[in-house]
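**Student:** Coordinates only, no sequence provided:
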């Protein structure tokens, strides 16, 4: 019994380390599109900058990503999904609040089949976004497969912080805003069949009048996300 408790404890610790922690910090300096933070984020992690206008009035003024040990870069002006809508024009200032790994508890899973999807989602305590939601989103924009661009658009609209992608010998956490993998661990799924482009309960992603089906390989497609 003691060995079982230790084994379970180690398993929980390893799973906890796989998901990056949300980091709260502040801006210490700005030079063009380069931002220096009081506490550094892991390289590849995205974050939001929040400016306070006094009282309870606050707004997200920028999206940043950590690009090196000492620098973060501005990569967007906010999390508004529709670019034609107005966004705050406030410039980033020293003292602005930063939340690194914003919404990292909200995770979309891309897996080769239902068995692997169920194994992953039962192993971690996260707010899972079902791939059916993403499949419907792709149908709406009439695109048959995941891309960096449509994952970013989906993440903004559905408040997804991370995309968990199952690969052949690993599982990775992909940040759709920074377009970078922020965590990786070995994982050998016992896959007896693949569903392309990814596991979903819908029969197909409709991209035209008569619909279409992706006939490629799941793992080859997921190789596009490094």
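**Tutor:** Here it is on my side, so go on. Small disclaimer: the values here were computed from a predicted structure and weren't measured.
**Student:** And the strands in the chain, which stretches?
**Tutor:** 23-31, 34-37, 46-54, 57-66, 72-76, 97-100, 106-110, 127-129, 162-166, 170-175, 180-186 (DSSP state E).
**Student:** out of those, deepest packed?
**Tutor:** Most buried of those, by mean neighbour count (mean count of other Cβ atoms under 10 Å): strand 162-166, with a mean of 24. All C-beta atoms are positioned from the backbone trio N, CA, C, and that covers glycine.
**Student:** how about the helices in the chain?
**Tutor:** Counting by DSSP state H, the chain has helices at residues 2-18, 114-123, 131-141, 148-158, 218-222.
**Student:** Please identify the buried residues of the second one?
**Tutor:** What it means is helix 114-123. Across helix 114-123, burial judged by 16 or more other Cβ atoms under 10 Å covers 116, 117, 120, 121.
**Student:** hang on, isn't the second one packed against residue 199?
**Tutor:** Just to be clear, that refers to residue 117. Yes: look at residue 117 against residue 199 with Cβ atoms under 8 Å: they come within range, at 4.9 Å.
**Student:** quick one: common contacting residues for those two?
**Tutor:** Common contact partners of residue 117 and residue 199 (Cβ atoms under 8 Å, 6 or more residues apart in numbering): 109, 111, 131.
**Student:** coming back round to it: now for the helices of the chain, which one comes closest to residue 63?
**Tutor:** helix 148-158 (9.3 Å; Cβ to Cβ).
**Student:** Need the residues that contact the closest one.
**Tutor:** 79-81, 108, 129, 133-134, 137-138, 141, 143, 160-161, 163, 174, 176-177, 179, 224-225.
**Student:** tell me the contacts of the nearest residue to residue 120 once chain neighbours are set aside?
**Tutor:** Spatially, and ignoring its direct neighbours in sequence, residue 120 is nearest to residue 109 (5.8 Å; Cβ to Cβ, 6 or more residues apart in numbering). The contact partners of residue 109, by Cβ under 8 Å, 6+ apart, come to 117, 120, 121, 128, 129, 131, 163, 164, 166, 199.
**Student:** would you turn the residues you listed into JSON lines with distance to residue 68 and pLDDT?
**Tutor:** Putting those into JSON lines (distance: Cβ to Cβ, whole Å; pLDDT from 0 to 100) gives the following:
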{"residue": "117", "distance to residue 68": "35", "pLDDT": "96"}
{"residue": "120", "distance to residue 68": "31", "pLDDT": "95"}
{"residue": "121", "distance to residue 68": "34", "pLDDT": "96"}
{"residue": "128", "distance to residue 68": "32", "pLDDT": "98"}
{"residue": "129", "distance to residue 68": "30", "pLDDT": "98"}
{"residue": "131", "distance to residue 68": "33", "pLDDT": "97"}
{"residue": "163", "distance to residue 68": "23", "pLDDT": "98"}
{"residue": "164", "distance to residue 68": "25", "pLDDT": "98"}
{"residue": "166", "distance to residue 68": "29", "pLDDT": "97"}
{"residue": "199", "distance to residue 68": "36", "pLDDT": "94"}
